[in-house]
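> Build the 3D model from these lines:
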Amino acid sequence: MGWWTERVVPRLTHATLDNPVVAGYRARVCAGLSGDVVEIGFGTGLNLPHLPTAVRSLAAVEPSDLAWELAAEAVAASPVPVTRTDRRAESLSLDDASVDAVLVTFSLCTVQDPAAVLRQARRVLRPGGRLHFLEHGLSPDEEVQRWQRRLNPLQGRLAGGCHLTRWTPDLLEAAGFAVPEVESWYLPGPHLSRPWGYVCRGRAEPLS
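Reported below is the predicted structural model:
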């Protein structure tokens, strides 16, 4: 992956997303989780403090060894047992219908093949299971969209393959999920930050 992606991007991602505003969003996306959960893009464990007591176990999918190392303290402090099961979300080792929920935050923007990732998510979900998501992506505002498309190649190089132009609800629907619950908004900040700051949170259910 290269020195920048392996050694710098995990630290930059942690520094950017470890703040009280995003922590509030994490609490909202984790609400309602229960049972056995797989988290796609575990990162440095920033969702762990927000897991409800009803969560029984968490299978962490994380490609970065450094991110997993940085998560060690959070994993040790978590009352929920955490196991790193896979590095690539496009090919999970989990059995079919083996988890009650999938959690993904700020990761579908970066995975190489989001369609494959979501197929895997559908495969491992038990009947009645749901996917909880919190992601950033394509703005509905044309001016912001133009800047997102201009900046997207540079974003990919500097942020480990991150895309500014993906829209999670569309990806989910294309992968065979219904998205009955979704809300979207801009992160607080200056207008210049809007290409990076349009986010959505919601829950999705596999269509039968």
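
> how far away is residue 51 from residue 41?
Distance, residue 51 to residue 41, using CB to CB, to the nearest Å: 15 Å. No exception for glycine: its C-beta is placed from N, CA and C like everyone else's.

> An error on my part: the question was meant for residue 55.
As for residue 55, its distance to residue 41 is 17 Å (criterion: CB to CB).

> Show me where this structure dips below the pLDDT cut-off.
The chain contains residues with pLDDT under 70 at 1.

> Run a quick neighbour tally on residue 117.
24 (other CB atoms under 10 Å).

> May I have the secondary structure class of the residue of the chain lying at maximal distance from its centre?
Among residues of the chain, the one most distant from the C-alpha centroid is residue 143; the distance is 25.7 Å, by CA atoms, centre = their mean. Look at residue 143: counting by DSSP: H, G, I helix; E, B strand; the rest coil, its state is helix.

> distance of it from residue 16?
Relative to residue 16, residue 143 is positioned 23 Å away (CB to CB).

> One more: residue 116?
Distance, residue 116 to residue 16, using CB to CB: 26 Å.

> and those two? which has more neighbours close in?
Neighbours were counted for residue 116 and for residue 16 using other CB under 10 Å; residue 116 has more, 15 against 12.

> Does that one lie in a helix or a strand, and which?
If you go by DSSP states H and E, residue 116 is part of helix 114-124.

> Output the contacting helices and strands for that helix.
When contacts are defined as 3 or more CB pairs under 8 Å, 6 or more residues apart in numbering; DSSP states H and E, helix 114-124 packs onto strand 35-40, strand 99-105, helix 168-174.

> Please identify the buried residues of the last one?
Neighbour-count burial for helix 168-174, counted by 16 or more other CB atoms under 10 Å, picks out 168-169, 171-172.

> How far away from the center of its chain is the helix or strand following it?
Using DSSP H and E, the helix or strand that follows helix 168-174 towards the C-terminus is strand 177-186. Distance of strand 177-186 from its chain centroid, counting by CA atoms, centre = their mean, to the nearest Å, is 14 Å.

> Stretch 112-123 now?
12 Å.

> With stretch 121-128 instead?
Distance, centroid of stretch 121-128 to centroid of chain: 17 Å (CA atoms, centre = their mean).

> rewinding a little: got a list of contacts for the helix holding residue 116?
Here helix 114-124 makes contact (CB atoms under 8 Å, 6 or more residues apart in numbering) with 38, 40, 89-92, 94-99, 102, 104, 108, 111, 131, 166, 171-172, 174-177, 206.

> Residue 197 and residue 175: what is the separation?
25 Å.

> the more surrounded of the two?
residue 175 (20 against 17).

> For that one, what are phi and psi?
For residue 175, the backbone dihedrals (degrees, to the nearest 10) come out as phi -90, psi 0.

> on that earlier part again, now the buried members of the contacts of helix 114-124.
Buried members of the contacts of helix 114-124, counted by 16+ other CB under 10 Å: 38, 40, 89-90, 92, 94, 99, 102, 104, 108, 111, 131, 166, 171-172, 175, 177, 206.

> Understood, closing this out.
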